[in-house]
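Asks: can't give you the sequence, but here's the structure:
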């Protein structure tokens, strides 16, 4: 990612991350306080994920996806 930025910029770091097979907006900042504030769970920023699956979903799978999953902390990710 840094290879695509112009030389001579001050220190910057990404907020969050994109996995290898992900696409999306990656925010860069040199304000670590702001980065911590917007990425903290307490801010409850809405996130939308679009997922592709390798099969045609039947009604059972669609219902499971609609029900959502539980994160490691037990919070619903519907």
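Replies: All right, it came through fine. Everything numeric in this text was worked out from a predicted model, so none of it was measured.
Asks: ok, the spatially closest residue to residue 27 that is not a sequence neighbour to residue 54 distance?
Replies: In space, and not counting its chain neighbours, residue 27 is closest to residue 15: 4.3 Å by C-beta to C-beta, 6 or more residues apart in numbering. C-beta: built from backbone N, CA, C; applies to glycine. According to C-beta to C-beta, to the nearest Å, residue 15 stands 30 Å off from residue 54.
Asks: check residue 1 too.
Replies: 28 Å.
Asks: counting neighbours, go ahead and name the busier of those two.
Replies: residue 1 (9 against 4; other C-beta atoms under 10 Å).
Asks: next one, pLDDT for that one please.
Replies: Looking at residue 1, its pLDDT reads 71.
Asks: return the backbone torsion pair for residue 14.
Replies: Phi and psi for residue 14, reported as degrees, to the nearest 10, are phi -80, psi 150.
Asks: neighbours around it, how many?
Replies: 13.
Asks: state the pLDDT value of it.
Replies: pLDDT at residue 14 comes out at 88.
Asks: what does residue 42 give?
Replies: 87.
Asks: so what's the backbone phi/psi at it?
Replies: phi -70, psi -20.
Asks: where do the strands sit along this protein?
Replies: 13-15, 27-29 (DSSP state E).
Asks: output those as JSON lines; include the columns distance to residue 46.
Replies: JSON lines is the format used below for the strands of the chain (distance: least, C-beta to C-beta, whole Å):
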{"stretch": "strand 13-15", "distance to residue 46": "15"}
{"stretch": "strand 27-29", "distance to residue 46": "15"}
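Asks: which among these is found nearest to residue 68?
Replies: For residue 68, the closest of the strands of the chain is strand 13-15, at 24.4 Å, according to C-beta to C-beta.
Asks: picking up where we left off before, what about the residue nearest to residue 27, distance to residue 28?
Replies: For residue 15, the distance to residue 28 - C-beta to C-beta - is 7 Å.
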